[in-house]
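Asker: next comes the sequence, and after it the predicted model I'd like to discuss.
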Amino acid sequence: MSIILKRTALVKIVKRVSAQIAADFGQPLAHQGKNGYVGAAGAVTEIDHAIQADLMVALVGDFMGEEEGQRDTGSNFVWLVDPLDGTGARIRGLASSTCIVTLMEVGDGFGKPILTVIHNPVTNQTWSAESRSGAYYQYAEGTETRCSLNTRSALPQKILSTITLWPGDDFRFDEVKAAVQNSALFDNQDFGALGSAHATVATGTTHLSACRAGAAYEAAAAALLMQEAGGVVYDLEGQNLISTGFPIQDVRGKKTFAIPQGAIVASSEAVANEFIHLVQSINT
């Protein structure tokens, strides 16, 4: 297998094209509206579209984007892209939105991540990983540090978590989130952007990030980060997503990779199992 781009080259591309996320940060988003868009949501959509258009030019090969752009030639390698993860965070003025780009290797209808970059242009933080080459974190232009987690580490006294409530009724997720918020074992916090929440697990800043079913833009990137850093990624039924991969499905009218049973990104097996037990106790 020959990876289309090396990790460091992809980092440079993602940093360059996503710079506009930070360019107008702190200004009223309505001032950024173009082509008839008004208000914050329209302005953010324009940023999404512009970044994805740049990425489709910069990245050679098949392409599945969170926006409208798709490029399908039947290749075994597909770029999975969320140009601006954390739309709500951006609108609320939170500095947690990221650009996420992941190269997926496809076989038998499933994709496995082999190269990924999550970059936050506002805070200038970058998480990246390449299959069999490690996971890394970089702040600004400082030296990259290798992410290292202990899969078999004991359960911490307090699980720092981000449990994201998306629309839907699977797994009685509203009750799961309420149980986490009322538990003395969990300290739940809202990053406002799922990519940031998953990425902080790789650096050991948090212990757990979980979300319900949907497209796999963030979870596929997190799976490779965890594979290379030593963490784990399961679905809400306890299936190992690192080993099984992500199915290609229609998600909200768009062909993409999916997490049909949600995703749990955890710093260790003990943390993941604790959350799985909580989910099962509510859903049985």
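Answerer: That came through, no problem.
Asker: three-state assignment of the most centrally placed residue in the chain?
Answerer: The residue lying closest to the centre of the chain (C-alpha atoms, centre = their mean) is Glu218, at 2.0 Å. Following DSSP: H, G, I helix; E, B strand; the rest coil, Glu218 is assigned to helix.
Asker: start at 137 instead
Answerer: I'll keep to 137 as the first residue from here, and by that count the last item is Glu354.
Asker: now do whichever strand or helix holds Gly247: distance to the chain's middle.
Answerer: Per DSSP states H and E, Gly247 falls inside strand 246-256. Relative to its chain's centre, strand 246-256 lies at 9 Å (C-alpha atoms, centre = their mean, to the nearest Å).
Asker: after that strand, heading C-terminal, what element do we hit next?
Answerer: strand 261-266.
Asker: which strands or helices does the helix or strand just after that following strand pack on?
Answerer: Downstream of strand 261-266, the next assigned helix or strand under DSSP H and E is strand 270-275. When contacts are defined as 3 or more C-beta pairs under 8 Å, 6 or more residues apart in numbering; DSSP states H and E, strand 270-275 packs onto strand 261-266, strand 281-282, helix 353-365. C-beta here means a position set from N, CA and C on the backbone, and glycine is covered the same way.
Asker: only alpha carbons, please: show strand 270-275 as CSV.
Answerer: Output of strand 270-275 as CSV, limited to C-alpha atoms (Å, rounded to 0.1, in the frame of the first residue of the first chain):
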residue,chain,number,x,y,z
GLY,A,270,2.2,7.2,15.1
ALA,A,271,-0.2,10.0,16.2
TYR,A,272,1.0,13.5,16.9
TYR,A,273,0.0,16.8,18.4
GLN,A,274,1.4,20.2,17.6
TYR,A,275,0.6,23.6,19.1
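Asker: any idea of the angle it forms with strand 261-266?
Answerer: Strand 270-275 runs at 170 degrees relative to strand 261-266, counting by axes from the mean of the first three to the mean of the last three C-alpha atoms, to 10 degrees.
Asker: which parts of strand 270-275 are buried?
Answerer: Ala271, Tyr272, Tyr273, Gln274 (16 or more other C-beta atoms under 10 Å).
Asker: local confidence estimate at the first one?
Answerer: Spelled out, that is Ala271. The confidence metric pLDDT takes the value 98 at Ala271.
Asker: do I have it right that it meets Trp263?
Answerer: Yes. The pair Ala271 and Trp263 passes the contact test of C-beta atoms under 8 Å, sitting 7.2 Å apart.
Asker: what do those two both touch?
Answerer: The contact sets of Ala271 and Trp263 overlap at Cys283, Ala338, Leu361 (C-beta atoms under 8 Å, 6 or more residues apart in numbering).
Asker: I'd like the distance between the closest residue to Ala158 other than its chain neighbours and Ala290.
Answerer: Using C-beta to C-beta, 6 or more residues apart in numbering and skipping the chain neighbours, the partner closest in space to Ala158 is Pro257 (3.9 Å). Pro257 is 36 Å from Ala290, where distance means C-beta to C-beta, to the nearest Å.
Asker: pLDDT of whichever strand or helix holds Ala314, averaged?
Answerer: Element membership for Ala314 (DSSP H and E) is helix 309-317. Mean per-residue pLDDT for helix 309-317: 90.
Asker: for the helix or strand just after it, name the packing helices and strands.
Answerer: Toward the C-terminus, helix 309-317 is succeeded by strand 322-324 as the next helix or strand (DSSP H and E). Contact here means 3+ C-beta pairs under 8 Å, 6+ apart; on that basis strand 322-324 packs against strand 295-299, helix 309-317.
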